[in-house]
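Trainee: Give me the fold of what follows.
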Amino acid sequence: MLVKAINSLGNVAKKLEITLPSLNEQKLIETACKKTGLSDFGDDGFRVGMRRFLRALEEEAELNTMGRLMAETDTVKYLSNRLKFEDYAKLHPDVRTQEVSRPIFIVGLPRTGTTILFNLLAMDPTTRAPLSWEIRNPFPPPREETYLSDTRIADCAEDFTILNRIEPKLISIHEVDAQWPQECIPMYRHEFLCIEYNFSYKVPGYYEWLKSQDIIPALRFHKKFLQHLQYHYKKERWILKSPAHLPYLEEIFEVYPDACIIHTHRDPLKVAASATSLAYTLQCIGSDKVDAHATGEQQMDLLEYSLNKAIEARKKLCHKNGQIIDVYYEDIVNDPFVTIQKIYGKFGIEFNSDAEKLMREFLANNPQGKHGKHHYSLEMFGLDKAKCRERFSAYCDMFNIKTTD
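Mentor: Numbering: from 1, shown residues only. Below you'll find the predicted structure:
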């Protein structure tokens, strides 16, 4: 209802020639500068990706008023954050000298057990995950003494409440919470080099452009973000997660040479329909002209591209095998603690009783399907099972994936 009301107002505004949310590069830059009172964005390389993304939004995404409002708000937020990051680093130069030691990255397609594994590993008192509230508003850097009571927590919770009102189906597809771990996608977005944009918007031109780009600047910004967050509150290690990491394993090791990788696996056909359903739901918030079959094909291409890039990288990264562990969805679901013990053993981390207790409490309080079941099928998105199976055969063969039709 809220989305319809906003879009109705937008239609009226068009007829009356009232200015709608702007996606003009210069106006967005000026808005961020005015909002923060700052002007130094740091390295200007981000402008190339921003320009390409904004062009795709205007030419391809067919945004409604809500979509334009969301895109404008998010872009201004990321631009404002860049200004604030640069300003904070000038005032505190040692923030950029912070060591980010042996971060653990969970990489894998959506729906391969990454979220539950991420949430459980984040329960370890010696491990730090970036939480939703601090990702959404990282200024100033969090402090240990107020980490559980920071006023930004309530602000983030309110934002999520509004989001769930806008699209009630989201909570059954992917639940969010202000104090739960948040994946790394927002960090990539600050450089406007983010493969996930193809998930949230209809931007195939941007996606094709991104495939040929160097993603290292986004990962360097990712590191700056972590250095900032840990400036006043550091633990033994970071636990990080995002499907957006999957195509960039080599780049992760270039920026974080001592990184540890948890590569999750599952039959891609079990993933494909669910991931596409989420993409379709998100795109329908911002556009009234989303074709389910076109979304299905776009997402199959994204999954295939991510898996093929990962295959290429894993073949080249044999010398990093001591820093990579493969885990399987079925094992995570059947007994996550056996899987966690294997992960800890691989990376030389002590798995103590305090960590296990907190993990078991989280699991008991957040059972699968807590907010209802998410219904989807390949057929809903015009996808042929046999053709999809063929597209993913190389991946399944390489990692001995159990497939069932």
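
Trainee: Need the single longest helix in the protein, by residues.
Mentor: helix 65-91 (DSSP state H).

Trainee: so for that helix, what's the average pLDDT?
Mentor: If you average the pLDDT over helix 65-91, you get 97.

Trainee: Any buried residues in that helix, and which?
Mentor: Of all the residues in helix 65-91, those buried under the rule 16 or more other CB atoms under 10 Å are 65-72, 75-89. Every C-beta, even on glycine, is put in place using the N, C-alpha and C of the backbone.

Trainee: which is the next helix or strand following it?
Mentor: strand 104-107 (DSSP states H and E).

Trainee: Just give me the neighbour total for the nearest residue to Thr403 once chain neighbours are set aside.
Mentor: Take Thr403 and drop its neighbours on the chain: the residue closest to it by CB to CB, 6 or more residues apart in numbering is Asp267, 4.9 Å away. For Asp267, the tally of surrounding residues (other CB atoms under 10 Å) stands at 20.

Trainee: got a list of what Asp267 touches?
Mentor: Residues counted as contacts of Asp267 (CB atoms under 8 Å, 6 or more residues apart in numbering) are 396, 401-404.

Trainee: could you redo those residues as JSON lines and give each row neighbour count, pLDDT and distance to Lys315?
Mentor: Shown next, in JSON lines, are the contacts of Asp267 (neighbours: other CB atoms under 10 Å; pLDDT from 0 to 100; distance: CB to CB, whole Å):
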{"residue": "Cys396", "neighbour count": "17", "pLDDT": "96", "distance to Lys315": "16"}
{"residue": "Ile401", "neighbour count": "18", "pLDDT": "94", "distance to Lys315": "17"}
{"residue": "Lys402", "neighbour count": "12", "pLDDT": "84", "distance to Lys315": "22"}
{"residue": "Thr403", "neighbour count": "13", "pLDDT": "84", "distance to Lys315": "21"}
{"residue": "Thr404", "neighbour count": "6", "pLDDT": "75", "distance to Lys315": "27"}
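
Trainee: Turn these into CSV, including distance to Gly37 and secondary structure.
Mentor: Listed next are those as CSV, based on distance: CB to CB, whole Å; DSSP: H, G, I helix; E, B strand; the rest coil:
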residue, distance to Gly37, secondary structure
Cys396, 54, helix
Ile401, 53, coil
Lys402, 56, coil
Thr403, 56, coil
Thr404, 58, coil
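
Trainee: Output these in a markdown table; the columns should cover distance to Lys234.
Mentor: Putting the contacts of Asp267 into a markdown table (distance: CB to CB, whole Å) gives the following:
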| residue | distance to Lys234 |
| --- | --- |
| Cys396 | 40 |
| Ile401 | 37 |
| Lys402 | 40 |
| Thr403 | 43 |
| Thr404 | 44 |
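
Trainee: just curious, which of those is nearest to Glu297?
Mentor: If you rank the contacts of Asp267 by distance to Glu297 using CB to CB, Cys396 comes first, at 20.3 Å.

Trainee: Is it correct that that closest one is in contact with Thr403?
Mentor: Yes: using CB atoms under 8 Å, Cys396 is in contact with Thr403, at 5.8 Å.

Trainee: Now do Leu240, the pLDDT please.
Mentor: At Leu240, the pLDDT value in this model is 98.

Trainee: Hmm, it is touching Ile106, no?
Mentor: Yes: counting by CB under 8 Å, Leu240 touches Ile106, with 7.0 Å between them.

Trainee: can you count the residues close to Asp291?
Mentor: Using other CB under 10 Å, Asp291 has 14 neighbouring residues.

Trainee: Going forward, the N-terminal residue is numbered 58.
Mentor: Sounds good: first residue 58 from here, last item Asp348.

Trainee: Please report phi then psi for it.
Mentor: Backbone torsions for Asp348, taken as degrees, to the nearest 10, come to phi -90, psi 120.

Trainee: Distance of it relative to Asp441?
Mentor: 17 Å (CB to CB, to the nearest Å).

Trainee: OK, contacts around Gln425?
Mentor: Ile173.

Trainee: pLDDT at it, what is it?
Mentor: Model confidence at Gln425 (pLDDT) stands at 70.

Trainee: do Ile219 as well
Mentor: With respect to pLDDT, Ile219 has a value of 79.

Trainee: can you check Thr338 too?
Mentor: 89.

Trainee: can you tell me the helix or strand for it?
Mentor: Using DSSP H and E, Thr338 falls within helix 325-343.

Trainee: Helices of the stretch 108-257 of the chain, start to end?
Mentor: 122-148, 171-178, 189-193, 208-223, 227-230, 242-246, 254-257 (DSSP state H, counting those that start in this stretch).

Trainee: Just put the ones you listed in TSV and tack on distance to Pro199.
Mentor: Below are these laid out as TSV (distance: least, CB to CB, whole Å):
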stretch	distance to Pro199
helix 122-148	13
helix 171-178	19
helix 189-193	5
helix 208-223	8
helix 227-230	26
helix 242-246	16
helix 254-257	27
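
Trainee: Could you point out which of the ones you listed sits nearest Lys399?
Mentor: Here helix 171-178 is closest among the helices of the stretch 108-257 of the chain (CB to CB), at 11.6 Å.

Trainee: Any buried residues in that closest one, and which?
Mentor: Taking 16+ other CB under 10 Å as the criterion, helix 171-178 shows 171-178 as buried.

Trainee: if we take these, which one ends up nearest to Ala301?
Mentor: Thr171 (11.2 Å).

Trainee: give the contact list for the closest one.
Mentor: 163-165, 298, 300, 321.

Trainee: Export these to TSV and append columns for distance to Ser189.
Mentor: Listed next are the contacts of Thr171 as TSV, based on distance: CB to CB, whole Å:
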residue	distance to Ser189
Ile163	16
Val164	20
Gly165	20
Lys298	13
Pro300	17
Thr321	21
